[in-house]
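J.: starting from these lines, generate the structure:
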Amino acid sequence: MGLSLVSPEAVEAAPCTYQCESNQIRFVPGQAITIEFVNNTNGMVSLERVLDIDLHWLRPDAEFAIETMVGADDNMSLVFWDENNRSVNAVLHRPNAETLKIELLPSGHDSDRVVHVNNDGRVLVY
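T.: Take a look at the predicted model:
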């Protein structure tokens, strides 16, 4: 009776869907996605898509979504900050294959200002 060994390359980890870290979510270049923002802070949060003129104000407990195509724009970046020009924490979720959900939370000492969707499909927070 022989043992069957499975190489690490053959086993693919399940994609992160909840409370993901930077670079744990990847979309396919050319894929249409929805990016949802949920403001779970106590104040207003400003959202701005780099290279776009529009600035959006997101009230507490409010949601905002945009539709985009991965790789159609040069490394899409979404910048956010609270009404006092402070950073907030961004927690990434992928509730389904076509959605990136960004939950904005009150910040401690470590905080975020940008969610960046690379043309290769990687999602980074910094």
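J.: and the worst-scoring helix or strand of the chain on mean pLDDT, what's buried?
T.: Ranked by mean pLDDT, DSSP states H and E, the weakest helix or strand in the chain is strand 55-58, scoring a mean of 83. For strand 55-58, the neighbour count (16 or more other C-beta atoms under 10 Å) marks 56, 58 as buried. C-beta coordinates here come from the backbone N, C-alpha and C atoms, glycine included.
J.: next structured bit after that strand?
T.: strand 63-69 (DSSP states H and E).
J.: run the angle between the helix or strand following that following strand and strand 63-69 for me.
T.: With elements assigned by DSSP H and E, the helix or strand that comes after strand 63-69 is strand 76-82. Strand 76-82 runs at 170 degrees relative to strand 63-69, counting by axes from the mean of the first three to the mean of the last three C-alpha atoms, to 10 degrees.
J.: with only the CA atoms kept, save strand 76-82 in PDB.
T.: What follows is strand 76-82, C-alpha atoms only, in PDB (Å, rounded to 0.1, in the frame of the first residue of the first chain):
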ATOM      1  CA  MET A  76      -6.700  52.300  -9.700                       C
ATOM      2  CA  SER A  77      -6.300  54.000  -6.300                       C
ATOM      3  CA  LEU A  78      -9.000  55.000  -3.900                       C
ATOM      4  CA  VAL A  79      -8.000  57.500  -1.200                       C
ATOM      5  CA  PHE A  80      -9.900  58.100   2.000                       C
ATOM      6  CA  TRP A  81      -9.700  60.200   5.200                       C
ATOM      7  CA  ASP A  82     -12.000  61.300   8.000                       C
END
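J.: for the next helix-or-strand element following that strand, packing partners?
T.: Toward the C-terminal end, the helix or strand that comes next after strand 76-82 (DSSP H and E) is strand 89-96. In this structure, strand 89-96 makes packing contacts with strand 99-105, strand 123-125, judged by 3 or more C-beta pairs under 8 Å, 6 or more residues apart in numbering; DSSP states H and E.
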